[in-house]
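>>> Got a sequence here, can you model it:
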Amino acid sequence: MAIEPQPENVAVSVLTHPSDSSIAAHTVPHLLQQFKSQKLFVIVDRSRGTTRVFEELVSQWKNDLQAVILDIPIGKEGQATAKRHFGRKRLPFSDFRGVPLLAWAHAVDTAKAHGCNYLAHFDGDILLHCEQGAQSFIDKSIQIHQKHPDLLVTGPLPGPPAPDGPRGQPNGARLQDDLWLIPAFTSRRFVIDVNKLEQYLPMPIRWTSSRRRILQFFTGKSAVWNWEYHMNCLLHETKLFRGDQNDINTWAIHLPDHSQHTANLLPEIIAHVESGWAPESQSGKYDLELAGWQQAPNQTRRC
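Model prediction:
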């Protein structure tokens, strides 16, 4: 018999960094306010410094939205996280792209440390529409996890609904029952069963190449694949799978452009997303196509 979902079983994390302040000023409150009944965490990457504007935002998230602010672990804490997830204490702080390797792993560990069985994570460039409220999305996510023992992650529909389903997904994506089975992990938005993941830790460390692994000792440039790639390998090498929800009432959009121009338009775009409005040109598309959102609402339709 399925256990009735409880709010305290779920932690919600959002990842951002100072260089995205103009975007995060809008997206982080947009996400956190929808999940106010859950434990809220904002993971901040201050590894390259911070700014006064960003620290003011952090204070707002902490004081106004009751979010716990977490830095990406370094030192002994970072070594402990690396050991749990990758089986070795000493790893480069960043992956080969320069992105902190342990950011998402730290979110998983934080959820576990606070007694949560599930983590709902969103990068700071995600917009989310939940027609029936975020709690309904969380409850459904837990029920789907309980129904499918081999499900590792679920998430909202990628992009506003389209008659032929989400577009631009990896080859092999297919609809089965109430889920889009997508043969690729995404670190941008997911609801994960932290206890299930723990059963498969530590993951073997993945290097971009043997040559770059050797060179990193001389250049200081990481040769480690990103966390998303490691999770992809985990899905491909086990019976676990990702299943995004085929629910037209819950969908997400990614912001590929972090420019000030996009930031200036975000208040209006977020208002549309929260109301369920999207341009026809965005249907089924996960990455935001800005041109369509600058049309008048009466030229499009509500999802």
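>>> Now stretch 84-101: buried residues?
Neighbour counts over stretch 84-101 (16 or more other Cβ atoms under 10 Å) mark Arg84, His85, Phe86, Leu91, Pro92, Phe93, Ser94, Asp95, Phe96, Val99, Pro100, Leu101 as buried. To be clear about C-beta, it is placed using only N, CA and C from the backbone, and glycine gets the same treatment.
>>> Of these, just say which sits nearest to Leu179.
Checking those against Leu179 with Cβ to Cβ, the nearest one is His85 at 26.2 Å.
>>> The closest one and Ala105 touch, don't they?
Yes. Under the criterion of Cβ atoms under 8 Å, His85 makes contact with Ala105 at 4.4 Å.
>>> Now the two most distant members of the buried residues of stretch 84-101.
Maximum pairwise distance among the buried residues of stretch 84-101 (Cβ to Cβ): 21.4 Å, between Arg84 and Phe96.
>>> Looking at the buried residues of stretch 84-101, which is nearest Asp257?
When the buried residues of stretch 84-101 are ranked by distance to Asp257 (Cβ to Cβ), Val99 comes first, at 17.9 Å.
>>> Could you check how far the closest one is from Trp227?
8 Å (Cβ to Cβ, to the nearest Å).
>>> Likewise for Gly276?
Separation of Gly276 from Trp227 (Cβ to Cβ): 32 Å.
>>> just for this protein, where's the confidence low?
1-8, 296-303 (pLDDT under 70).
>>> Tell me where it has strands.
Ranges of strands in the chain, per DSSP state E, are 10-16, 39-44, 68-71, 118-123, 126-130, 151-155, 157-158, 174-176, 179-181, 189-193, 241-245, 250-254, 277-278, 301-302.
>>> Paired strands for the fourth one, with orientation please.
When sheet partners are counted by DSSP bridges, strand 118-123 sits next to strand 10-16 (parallel), strand 189-193 (antiparallel).
>>> got those as TSV, with distance to Ala111 and mean neighbour count columns?
Listed next are these as TSV, based on distance: least, Cβ to Cβ, whole Å; neighbours: other Cβ atoms under 10 Å:
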stretch	distance to Ala111	mean neighbour count
strand 10-16	4	26
strand 189-193	9	23
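>>> Quickly list what the residue nearest to Cys116 when sequence neighbours are not counted is bridged to.
If the residues on either side of it in the chain are set aside, Cys116 comes closest to Ala11, at 4.2 Å by Cβ to Cβ, 6 or more residues apart in numbering. Going by DSSP bridges, Ala11 is paired in beta bridges with Lys39, Leu119.
>>> what's near enough to touch Ala11?
Residues in contact with Ala11 (Cβ atoms under 8 Å, 6 or more residues apart in numbering) are Gln38, Lys39, Leu40, Phe41, Ala107, Thr110, Ala111, His114, Cys116, Tyr118, Leu119, Ala120.
>>> redo that, cut-off 6 Å
Lys39, Ala111, His114, Cys116, Leu119 (Cβ atoms under 6 Å, 6 or more residues apart in numbering).
>>> among the residues you listed, who's most crowded?
Leu119 (27 neighbours; other Cβ atoms under 10 Å).
>>> And that one, how far from Gln38?
Distance, Leu119 to Gln38, by Cβ to Cβ: 10 Å.
>>> Could you do Asp139 as well?
11 Å.
>>> Repeat that for Pro18.
For Pro18, the distance to Gln38 - Cβ to Cβ - is 25 Å.
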